[in-house]
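Engineer: Sharing a model prediction with you, sequence too.
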Amino acid sequence: MAGTNLINDYIAGAIGGCAGMAVGHPLDTIKVQMQTQDCYKGIQDCVVSVSHQKLSKGFFRGMSWPLASFAFVNSAYFGAYGHVLSWFEHHQRTQESPHRLQVFTAGLVATFPTGFIACPIDVIKVTLQAQIQHDPHLPPSRVLFECRFKVLQWATRATRTIFKQNGIRGLYRGFWTQLARDCPANAIYMTFYEIVGHESRVYLHQIPSTAVNFVCGGVAGVVSWMAIMPIDFVKSRIQADPERTMYQGFWDCARQAYAEGGMKIFFRGALAVCLRAFPVNAVTLMVYTEILQYLNKIN
């Protein structure tokens, strides 16, 4: 799926990333709330609670920085992905399509350069999402993070506060956990997309390519997210605790969470993840693929 002109990968990745971000942020907020708070009976209860807030303080809280930077992050990812695939294609003797192992490797390797950009953005986003105001009648013990530190109203203020208290390390809290989540997730995502996409084009060639790309991207997104749900749960809790008052690291957070609710706690918010993953990844990869094909055609 790499472009013949690698600049096209960057352009298509930027447009696809922005499209996916706009679609999925409200459900991402629900996911983070489910993972970082104990005050919800289920996803419906969480949605109702968050809906009582204004959009900017509820479903779209923490969206400004990801939206402003997601074009760059996705552009960097898909550009790096295209570079790695092109390297493989240049060094193989035949002109066959990339092998699945090459796609897996490209998806994994491309994650590293974007991790340094994505982690601070996620720290700010998760911190703001975890601080959504709840029903004041809830017992404090059921709201994990809200009462732990001062509520931050805006992304810029959150950035200044975290940097002032903890320096650059505060903005990279949970970096290795995020990388441990994103590397396998992206590798599975791109590989599954290529597998399903290839089979679909062979057996469902009468269906428009746009529809095939949409469904394949959505299915690949759900599979990749479900594969890393436990790591994502730990990541959310670590990054929602910037003052490091609750968790000392990955294993400490995982141990406390397991003691709290067993294995099932690591899959809290799974429904929100699936509901978000399908449209977000479907739109992202569909737009990326269609834009890339268009740019390659006009070049």
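Structural biologist: That came in fine, so what should we check first?

Engineer: Now do stretch 162-173, average pLDDT.
Structural biologist: Averaged across stretch 162-173, pLDDT comes to 88.

Engineer: and if you look at stretch 250-264?
Structural biologist: Per-residue scores along stretch 250-264 average to 92.

Engineer: cool, stretch 229-240 as well?
Structural biologist: For stretch 229-240, the per-residue pLDDT averages 92.

Engineer: Run through who's touching it.
Structural biologist: With contacts defined as CB atoms under 8 Å, 6 or more residues apart in numbering, stretch 229-240 is touched by 31-32, 35-36, 122-123, 126-127, 129-130, 144-145, 173-174, 177-178, 180-181, 225, 246-247, 249-250, 253-254, 257, 265-270, 273. Just so you know, the C-beta spots here come from the backbone N, C-alpha and C atoms, and that holds for glycine as well.

Engineer: mind showing which ranges of this structure have poor pLDDT?
Structural biologist: 1-6, 54-57, 62, 64-65, 67-68, 93-98, 132-154, 201-205, 242-243, 299 (pLDDT under 70).

Engineer: just so I have it, where are all the helices in it?
Structural biologist: 6-36, 43-51, 64-91, 100-109, 111-130, 155-171, 175-203, 209-227, 229-239, 250-261, 270-298 (DSSP state H).

Engineer: Can you point out the buried residues in the second one?
Structural biologist: Of the residues in helix 43-51, those scored as buried under the neighbour-count criterion (16 or more other CB atoms under 10 Å) are 43, 46, 47, 49, 50.

Engineer: and the closest residue to the third one other than its chain neighbours, how many neighbours does it have?
Structural biologist: Put plainly, it is residue 47. Among residues not flanking residue 47 along the chain, residue 30 sits closest, at 6.1 Å (CB to CB, 6 or more residues apart in numbering). If you count neighbours by other CB atoms under 10 Å, residue 30 ends up with 25.

Engineer: and what of residue 172?
Structural biologist: Residue 172: 17 neighbours (other CB under 10 Å).

Engineer: how many other residues sit next to residue 117?
Structural biologist: 14.

Engineer: Contacts only, for the residue nearest to it when sequence neighbours are not counted.
Structural biologist: Sequence neighbours aside, residue 73 is the residue nearest to residue 117 in space, at 5.4 Å (criterion: CB to CB, 6+ apart). By CB under 8 Å, 6+ apart, the contact list for residue 73 reads 17, 114, 117, 118, 121.

Engineer: Residue 280 now?
Structural biologist: Contacts of residue 280 by CB under 8 Å, 6+ apart are 20, 21, 23, 24, 27, 221.
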